[in-house]
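J.: have a look at this prediction, sequence included:
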Amino acid sequence: MTLTYEDRCLITDLIAMHGHLCDSGELDRLDEVFTADVVYDVTDFGLEILRGVVACAEAGRALGDRNPVGHHVTNTVLSEQAAGRVHARSKGIGVTADGTCGSLVYEDTVVRVAQGWRISHRTVRARRVPLGG
């Protein structure tokens, strides 16, 4: 598979859409970003691995006011993988209601399904110390 310019744009938009949907509370639209059986690994935050887009939406609702008010994604790098998969690595900045911020890295596996590109696996890792320490 050759990753086209159009594919790169679509995948980058897909990754950005996650933040827009979360920040606006449109969690019932997460199937526009994730496969139905997505594996969402937030164990670095002391939480369980979420399995399925419904579980992701429920987890977001359960966080309630502890959700960030802003999910900002930047520095997205895409690389082609075997079997039509794409690896995406992005930096994220979460801004909370009290103005504090946190930095993280998203490691995504992106696949093409009938509806277009979707994230089938996401690992979220907090950045807690500088220089990869």
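T.: Perfect, thanks for sending it.
J.: quick check: mean pLDDT of stretch 118-128?
T.: Averaged over stretch 118-128, pLDDT sits at 97.
J.: cool, stretch 13-27 as well?
T.: 97.
J.: just the CA trace of that stretch, in CSV.
T.: Extracted C-alpha coordinates of stretch 13-27, given in CSV (Å, rounded to 0.1, in the frame of the first residue of the first chain):
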residue,chain,number,x,y,z
ASP,A,13,-8.2,14.9,10.3
LEU,A,14,-9.4,11.7,11.9
ILE,A,15,-6.9,12.1,14.8
ALA,A,16,-7.9,15.7,15.3
MET,A,17,-11.6,14.9,15.3
HIS,A,18,-11.3,12.9,18.5
GLY,A,19,-10.5,16.1,20.4
HIS,A,20,-13.4,18.0,18.8
LEU,A,21,-15.9,15.2,19.6
CYS,A,22,-14.7,14.8,23.2
ASP,A,23,-14.6,18.5,23.9
SER,A,24,-18.1,19.1,22.6
GLY,A,25,-19.5,16.1,24.4
GLU,A,26,-20.4,14.3,21.2
LEU,A,27,-19.3,10.9,22.5
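J.: in the protein, what residue spans correspond to helices?
T.: With DSSP state H applied, the chain shows helices at 5-23, 53-63, listed in chain order.
J.: out of those, nearest to residue 110?
T.: helix 5-23 (5.4 Å; C-beta to C-beta). (Each C-beta comes from the backbone N, C-alpha and C, glycine too.)
J.: distance from that closest one to the middle of the chain?
T.: Between the mean C-alpha location of helix 5-23 and the chain-wide mean there is a distance of 9 Å, by C-alpha atoms, centre = their mean, to the nearest Å.
J.: do the same with stretch 34-41
T.: For stretch 34-41, the separation from the chain centroid amounts to 10 Å (computed by C-alpha atoms, centre = their mean).
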